[in-house]
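# after the sequence you'll find the predicted model.
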Amino acid sequence: MRTTPLPPAPPAPAPGGAARAASPRQALARPGRRRRQALPAAAWVSATLCLLMLAGLGAGLHHWTAGFEAWTYEARRERQIDAGLLRAPALALRGADGRPVRLRQDGGAAAATLVDFIYTRCPGVCRTLGSEFQQMQQQLAEQPAAVRLASISFDLAHDDAAALARHAASLRAQPRWWTLAVPDSPADAQALLRALGVVVVPDGQGGWVHNGAIHLLDGQGRLRGLYGFNQWPQALADARALASRP
């Protein structure tokens with residue numbers, strides 16, 4: 001009968017309980033343990049940065065939304081109006097006849113002005129505003145008041161005095177009630193738009209996207225009200241009331 005030899009016995013532990021030498025696999029694993037121990041510190045740094053970013057975002061939203069109460073741009077403008085923060089600067093505009101036009105009367109005849117911002121090539125919202133201004137002009141002709149209408153173009157590259165005159169003729173604007181004008185310079189245009197919170201953005205097709213509201217200004221150029229589509233009767237009523245104040 002053949003016998004199978006037994007495997008050799010494992011070596012006896014070293015005297016005194018000395019530790020065995022680490023295997024190559026164990027030696028490679030040790031640096032990994034040190035890296036895993038460093039991860040919590042890196043995680044704390046990342047979490048802290050995220051919290052700081054969220055805090056900054058929250059502070060920005062709190063500012064731009066007026067304490068998280070005004071979530072649209074027009075709502076924010078309404079709050080600025082209530083606080084008296086929006087006012088047209090004292091700069092001259094050029095009318096369709098080439099004469100200077102001022103939005104701030106500072107004691108002049110018109111105590112209230114209803115303003116829209118347009119460009120004469122506008123195919124959409126400006127035409128709707130033009131129709132509403134025609135109706136307000138008719139109401140003023142029938143029941144006069146110290147109220148005037150002003151359509152201000154921000155397209156200085158195309159809307160010179162001749163273009164404004166053609167546009168005024170197409171709308172049958174009567175100079176007694178309704179003035180079409182353009183700022184003297186791009187800097188004046190930007191100053192006016194910025195002062196009243198009007199946003200004008202190129203549409204990528206040669207035109208512009210812009211606010212389509214009617215703006216009510218008092219004699220000192222302060223913005224007193226904003227009115228959307230089909231709110232022109234209220235805009236005119238408020239302008240009459242403002243103009244009648246002593």
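That came in fine, so what should we check first?
# which residues touch residue 181?
Taking Cβ atoms under 8 Å, 6 or more residues apart in numbering, we find residue 181 in contact with 93, 94, 95, 96, 101, 150, 151, 152, 153, 164. Quick note: C-beta positions are derived from backbone N, CA and C, even for glycine.
# out of those, which one has the lowest pLDDT?
Ranked by pLDDT, those bottom out at residue 101, which scores 90.
# ok, that one - contacts?
Contacts of residue 101 by Cβ under 8 Å, 6+ apart are 92, 93, 94, 95, 150, 179, 181.
# and if you look at residue 171?
By Cβ under 8 Å, 6+ apart, the contact list for residue 171 reads 130, 133, 134, 178.
# these into JSON lines, with extra columns for pLDDT and secondary structure?
Output for these, formatted as JSON lines (pLDDT from 0 to 100; DSSP: H, G, I helix; E, B strand; the rest coil):
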{"residue": "130", "pLDDT": "96", "secondary structure": "helix"}
{"residue": "133", "pLDDT": "98", "secondary structure": "helix"}
{"residue": "134", "pLDDT": "98", "secondary structure": "helix"}
{"residue": "178", "pLDDT": "97", "secondary structure": "strand"}
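# taking these together, which two end up most distant?
The largest separation in the contacts of residue 171, counting by Cβ to Cβ, is between 130 and 178 at 9.9 Å.
# and for these two, which residues touch both?
Common neighbours of residue 130 and residue 178 (Cβ under 8 Å, 6+ apart) are 151, 171.
# quick one: which of the contacts of residue 171 has the most company?
residue 133 (24 neighbours; other Cβ atoms under 10 Å).
# okay, helices next: where are they in this structure?
In order along the chain, the chain carries the following helices (DSSP state H): 24-64, 73-82, 125-142, 161-171, 186-196, 232-244.
# rank these by pLDDT, which is bottom?
For the helices of the chain, mean pLDDT drops lowest on helix 24-64, to a mean of 54.
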